[in-house]
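**Q** Need a 3D model of the following:
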Amino acid sequence: MDQKVIEQEAKRLQKRAQQSRMFGWLGVIVMVSTVLAMIVLFFNSKLNVSFGNGPVITEISAITTESTAIAKEENSDIEKMKLELDLKKAQIINEQQSSSLIILAISSSVARIGAVLIALYLVQILLSLTRYHFRIADHLDSASSSLIISEGDSQSISALAGLLATNHVEFGKAPSPPSEKILELVKEIVAAKK
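**A** Numbering: from 1, shown residues only. This is a model prediction of the structure:
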């Protein structure tokens, strides 16, 4: 092979390796930003629901105070009944508001947990893609190096490619998706009940 062709091919392989590494690092950045976004969403959300005393409870206490004051001053049965009706009305509104607050809290919690599970699933997918891109980049670098060192000799390329390859470096077992973990948990629960 001509030395110029070998150098061009090696540069092409190195360029592809750089692109693959760039995509790998992009995956790392996306994973980190996704995790940070989920932390912010989960802990600093505007969906926080407070069960504190609202305006209706203040209204109920004002009506109660007013009704006792009127009851002491006047013995009017109609005024007492009117105030008692207002008090019941305010209590019903308060119960409706507290039930809607509970529903809002439950839906907010479900949305947060769902978002975290989806983020975990996406991070696992991105982790696999990132590992793939880094492996490809290492393979292309070793192929480029073996091409340059061997100077185009096909037997030398085969021997050097085996020596320079990163196939023997393992990252460990790929993480299992959350759906598999959930299925295993359900199986364990069913087995424990039997």
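**Q** drop to CA atoms for contacts and neighbour counts, all remaining ones
**A** Will do.
**Q** Where does pLDDT dip in this protein?
**A** Counting by pLDDT under 70, the chain has low-confidence residues at 1, 45-81, 152, 161-178.
**Q** Which strand or helix spans the residue minimising distance to the centre of it?
**A** Here the mean C-alpha position of the chain is nearest to the C-alpha of residue 119 (Cα atoms, centre = their mean), at a distance of 2.8 Å. Residue 119 is part of helix 77-150, with elements assigned from DSSP states H and E.
**Q** So which other helices or strands are in contact with that helix?
**A** For helix 77-150, the elements it packs on are helix 3-43, helix 55-73, helix 154-164, helix 178-193, judged by 3 or more Cα pairs under 8 Å, 6 or more residues apart in numbering; DSSP states H and E.
**Q** redo that, cut-off 7 Å
**A** Secondary-structure packing of helix 77-150 (3 or more Cα pairs under 7 Å, 6 or more residues apart in numbering; DSSP states H and E): helix 3-43, helix 55-73, helix 154-164.
**Q** Show me how far that helix is from its chain's centre.
**A** Centre-to-centre, helix 77-150 and its host chain are 7 Å apart (Cα atoms, centre = their mean, to the nearest Å).
**Q** Next, the angle from that helix to helix 3-43.
**A** Counting by axes from the mean of the first three to the mean of the last three Cα atoms, to 10 degrees, helix 77-150 lies at 160 degrees to helix 3-43.
**Q** Going forward, the N-terminal residue is numbered 63.
**A** In the new count, where the first residue is 63, that last one comes out as helix 139-212.
**Q** could you check the angle helix 240-255 makes with helix 139-212?
**A** Going by the same axes, to 10 degrees, helix 139-212 makes 120 degrees with helix 240-255.
**Q** How many residues are close by the closest residue in space to residue 72 that isn't next to it in sequence?
**A** Spatially, and ignoring its direct neighbours in sequence, residue 72 is nearest to residue 206 (4.6 Å; Cα to Cα, 6 or more residues apart in numbering). Neighbour count of residue 206, defined by other Cα atoms under 10 Å: 25.
**Q** give me the number of residues near residue 203?
**A** 23.
**Q** wait, what's in contact with it?
**A** Residues in contact with residue 203 (Cα atoms under 7 Å, 6 or more residues apart in numbering) are 75-76, 79.
**Q** which one of these is nearest residue 97?
**A** Nearest to residue 97 among the contacts of residue 203 is residue 79, at 27.2 Å by Cα to Cα.
**Q** Tell me the spacing between residue 190 and residue 86.
**A** 10 Å (Cα to Cα, to the nearest Å).
**Q** whoops, residue 245 was the one
**A** Using Cα to Cα, we find residue 245 at a distance of 30 Å from residue 86.
**Q** Could you check which of the two has the larger neighbour count?
**A** Set side by side, residue 245 and residue 86 show more neighbours around residue 86, with 24 against 11, by other Cα under 10 Å.
**Q** Tell me who's in contact with the residue nearest to the more buried one when sequence neighbours are not counted.
**A** In space, and not counting its chain neighbours, residue 86 is closest to residue 192: 4.5 Å by Cα to Cα, 6+ apart. With contacts defined as Cα under 7 Å, 6+ apart, residue 192 is in contact with 86, 89-90.
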